[in-house]
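make a model of this:
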Amino acid sequence: MGLWAEQVVPRITDVALGTPDVRALRERVVSGARGEVVELGSGSGPTLPLHPDAVTSVRAVEHPR
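Here you go, the predicted model:
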């Protein structure tokens, strides 16, 4: 897909969605998760470390480029 789609866009996305406000929203969304979780559109995985201990496994799915 090229340099822009493979290198630049993912980095900009990580910075733009890595703000404290977005992290707080991610934490709130996953706080009630339990058992086996499927995370759609996992990107670079910023939500993965936020899952509570009650989550026993996570399957992260990302669309191939």
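
quick check: residue 26 touching residue 49?
No. Using CB atoms under 8 Å, residue 26 makes no contact with residue 49, being 9.9 Å away. In short, each C-beta sits where N, CA and C put it, glycine included.

of these two, who's got more company?
Applying other CB atoms under 10 Å to residue 26 and residue 49 shows that residue 26 carries more neighbours, namely 17 against 7.

report pLDDT for that one.
You'll see residue 26 listed with a pLDDT of 94.

just to confirm, which helix or strand has it in it?
For residue 26, the host element (DSSP states H and E) is helix 20-30.

list the buried residues for that helix?
Neighbour counts over helix 20-30 (16 or more other CB atoms under 10 Å) mark 26, 30 as buried.

go ahead and measure how far stretch 44-55 is from the middle of the chain.
Stretch 44-55 has its C-alpha centroid displaced from the chain centroid by 8 Å (CA atoms, centre = their mean, to the nearest Å).

contacts made by that stretch with the rest, please.
Outside of stretch 44-55, the residues within contact range by CB atoms under 8 Å, 6 or more residues apart in numbering are 10, 14, 17-18, 23, 26-27, 29-31, 33-37, 39, 42, 58, 60.

how about stretch 17-27?
43, 46, 47, 50.

among the residues you listed, who's most crowded?
residue 47 (21 neighbours).

could you check the pLDDT of that one?
The predicted local confidence for residue 47 is 93.

for it, phi and psi?
When read as degrees, to the nearest 10, the backbone of residue 47 gives phi -90, psi -20.

report the contact partners of the nearest residue to residue 39 once chain neighbours are set aside.
Of all residues not flanking residue 39 in the chain, residue 60 sits nearest, at 4.8 Å (CB to CB, 6 or more residues apart in numbering). By CB under 8 Å, 6+ apart, the contact set of residue 60 is 39, 42, 45, 48.

10 Å - rerun?
Contacts of residue 60 were listed using CB atoms under 10 Å, 6 or more residues apart in numbering, and they are 37, 38, 39, 40, 41, 42, 43, 45, 47, 48.

if anything else comes up later, I'll come back, but that's it for now.
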